[in-house]
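S.K.: Build the 3D model from these lines:
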Amino acid sequence: MDLIDATWRKSTRSGSGGGNCVEVADNLPGIVGVRDSKDPEGPALVFGPLAWRAFVTEVAQRS
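M.R.: From the prediction side, this is the model:
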């Protein structure tokens with residue numbers, strides 16, 4: 001999966017002190033990328049839009 005054109009943004013839940021941060025790229029058609037901000041050259045997870053929405057909805061309900 002080519003994520004070269006991905007525009008990454010940090011999660012709004014990430015603190016300003018660094019540490020454990022998640023970055024999301026939702027600007028690519030048909031996929032949402034997720035990666036560890038401490039390892040931007042490392043692996044990324046890729047979700048379809050429906051799977052991503054289901055994940056975010058579930059996490060929001062548990063917060």
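S.K.: any chance you could map the helices in this structure?
M.R.: Here the chain has its helices, by DSSP state H, at 49-62.
S.K.: can you give me the strands for it?
M.R.: Applying DSSP state E to the chain gives strands spanning 9-10, 22-25, 32-36, 44-47.
S.K.: can you put those strands in CSV and add mean pLDDT, mean neighbour count and distance to residue 57?
M.R.: The C-beta positions use only the backbone N, C-alpha and C, and glycine is treated the same way. What follows is those, written out as CSV (pLDDT from 0 to 100; neighbours: other CB atoms under 10 Å; distance: least, CB to CB, whole Å):
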stretch, mean pLDDT, mean neighbour count, distance to residue 57
strand 9-10, 92, 14, 19
strand 22-25, 93, 18, 15
strand 32-36, 95, 19, 13
strand 44-47, 96, 16, 13
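S.K.: a markdown table for those, including distance to residue 3?
M.R.: Below are the strands of the chain laid out as a markdown table (distance: least, CB to CB, whole Å):
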| stretch | distance to residue 3 |
| --- | --- |
| strand 9-10 | 14 |
| strand 22-25 | 7 |
| strand 32-36 | 5 |
| strand 44-47 | 6 |
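S.K.: so which of the ones you listed comes closest to residue 63?
M.R.: Distance to residue 63, taken as CB to CB, is lowest for strand 22-25 among these, at 14.1 Å.
S.K.: name the helices or strands packed onto the closest one?
M.R.: In this structure, strand 22-25 packs against strand 9-10, strand 32-36, with contacts taken as 3 or more CB pairs under 8 Å, 6 or more residues apart in numbering; DSSP states H and E.
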